[in-house]
Each structure stands twice: as structure tokens, then as C-alpha cells.
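# fold the following.
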Amino acid sequence: MNPNPRQIKLLETVRARSSVTVEQLAEMLDVTLQTVRRDVQRLADEGLLARFHGGVRVPSSTIENLAYQQRETLNADGKARIARAVAAQVPNDCSLILNIGTTTEAIAKALLHHRGLRVITNNLNVATILSDNPACEVIVAGGSVRSRDRAIVGETTVDFIRQFKVDIAVIGISGIEADGSLRDFDLREVKVAQAIIAQAREVWLAADASKFNRAAMVQLADLSQIDCLFTDAPPPPPFPSLLESAQVRCVISGEAGEAV
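Below you'll find the predicted structure:
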């Protein structure tokens, strides 16, 4: 499914509060109980929410991500806006690393008309997309291919990434917690992402609004290790103060354009 703006706001509200009643959602979203119940049912059927008597909560697992097909369609419009904002700030004739994730795949699509890029990636989907750009050199990391999303991970991948020093690393993430930690689910994936951060002169984080206050098991990094955050909606508290304290530039991509 591709949730509509109301459903995306519903998801963001639940994730910000961990759990909420149907009545509270109806009041906060200014819609009827029937509308909320229909939205909740659809989102729960997709595994994006967990229902309990009278309310909903975020899915409880901190050890396993949503299925790739769910992530691919979840907030696809927001990810596309983020991708356009990132692409607008990537200069021609530079070196990049793009890591695993559906947001970085959207960014690859937005880079199809750039010239002179040298892109290193551990994401076979990114490599396939950018191979359609004849003005872009794509370098694919070695390692083990994770079949569910065509990610390349493992110690071989880490060693491969360490050979390079790039202008910009653009990374995705599964969750940003209220202490400013960036978290993901797979330790092998995290190890590769940590190597990517270490080998970049600038680190850009691309994360849609659903990633705020989302829990995951493995700490990847901290906001202080990021230079710029690209997202599709204003971050909820306490993230504005955390971003300011860490001196992270925040680019919010909206329907009408981008605002810093």
C-alpha cells in the first residue's frame, strides 16, 4: 500500500506516543471514528500498526524490520520528495556512497540525470538504477547478498568500503530515538554503515518522518556524526533541539519545495 497523507499522519502520531486510543486519534486528526477505524484496519493489515482493544500501538519488535515490500511502498511520496531534495544538493563530478534502503533507492532514481558521478554502493537495487545513467560510474561492493532486499553485507563489504574516501555518504536508517541515537536491526548492515560514515568527508542522513521515535536494537551512530538530515516533515520534539545541539543542518522537503 501507499498510505495517503492522513494515514501517514496517523502513523506518525502513533509512533510519537507509542500507543493511542482510537478516540484520541479521531480528535487529533479531526476525522470521524469510522474513518480512523478504517485507516487503522488497513495499516494493521499491512503490519504497520498493532491493534489492541480500543486503540493501536507501534509493532513491538525491535529486532526485525518491516518486510522490504512494505518499506518500499510506505510513504513513497515523502521519500520521493526527500530524494529530489538530496539530488538538488549533490553536485556533478563528485564521489558518493549510497547504502541500503528504499530511501536511498529513491535518491538513486533522482540522480539519473547527474553527470560525472562515481557512486559506490552495497545496494544492488541502487546499482541497477544508476547503471541506466551513462554519465555515472557505479562501483558495487563485494560481500554476501541478502536476498530479501538485495543488500550486500558482511566483513568483506566492510573491507571493500575502507578502500575509499568519498565526498558524500548518503545513508538511510531504520529509526532515530529520542536520545539522538541512529539505530537499525541487522548488525552486519550496521557495521557496513559505520564504515561508510568513517570513509566520507560529509555524511547526509535521509529519513522520512516515520523514522523519528522508532526503536531498533543496534546502534549505528549518533546525530553528532551527521552533517545534514533530509526529511519530509518537521521533526517532533525533542529532535529540533538535538539537531541544533549536534549542529546538524535539517532540510525539510515539502510539497512546494525545500526549506532549511
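# residue 58 is in contact with residue 20, correct?
No - under the criterion of Cβ atoms under 8 Å, residue 20 is not in contact with residue 58, lying 9.9 Å apart. For glycine as for every other residue, the C-beta is placed from the backbone atoms N, C-alpha and C.
# what sits in contact with each of the two?
Common neighbours of residue 20 and residue 58 are listed as residue 14 (criterion: Cβ atoms under 8 Å, 6 or more residues apart in numbering).
# buried sites along stretch 231-250?
Within stretch 231-250, the residues that count as buried by 16 or more other Cβ atoms under 10 Å are 231-233, 235, 239, 242-243, 248, 250.
# let's have the residues you listed in JSON lines, adding distance to residue 217 and pLDDT.
Formatted as JSON lines, the buried residues of stretch 231-250 follow (distance: Cβ to Cβ, whole Å; pLDDT from 0 to 100):
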{"residue": "231", "distance to residue 217": "22", "pLDDT": "94"}
{"residue": "232", "distance to residue 217": "25", "pLDDT": "90"}
{"residue": "233", "distance to residue 217": "25", "pLDDT": "86"}
{"residue": "235", "distance to residue 217": "22", "pLDDT": "89"}
{"residue": "239", "distance to residue 217": "20", "pLDDT": "93"}
{"residue": "242", "distance to residue 217": "21", "pLDDT": "96"}
{"residue": "243", "distance to residue 217": "23", "pLDDT": "97"}
{"residue": "248", "distance to residue 217": "23", "pLDDT": "97"}
{"residue": "250", "distance to residue 217": "26", "pLDDT": "97"}
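# could you list which of those residues belong to strands?
Of the positions in the buried residues of stretch 231-250, 231, 250 sit in strands, assigned by DSSP state E.
# which one of the buried residues of stretch 231-250 is nearest residue 81?
Among these, residue 232 lies closest to residue 81 (Cβ to Cβ), at 5.3 Å.
# how about the closest one: what's its closest non-neighbour residue?
Leaving aside its chain neighbours, residue 232 sits nearest to residue 78 (3.7 Å; criterion: Cβ to Cβ, 6 or more residues apart in numbering).
# give the other helices and strands that whatever helix or strand that neighbour lives in contacts.
Assigned by DSSP states H and E, residue 78 belongs to helix 76-89. Counting contacts by 3 or more Cβ pairs under 8 Å, 6 or more residues apart in numbering; DSSP states H and E, helix 76-89 is packed against helix 102-110, strand 200-206, strand 228-231, strand 249-254.
# to residue 189, which of the ones you listed lies closest?
Across those, residue 189 has its closest neighbour in helix 102-110 (12.3 Å, Cβ to Cβ).
# neighbouring contacts of the closest one?
Against helix 102-110 from outside (Cβ under 8 Å, 6+ apart): 68, 71-72, 74, 76, 79-80, 82-84, 86-87, 98, 119, 121, 123, 125-126, 129-130, 170-172, 206-208.
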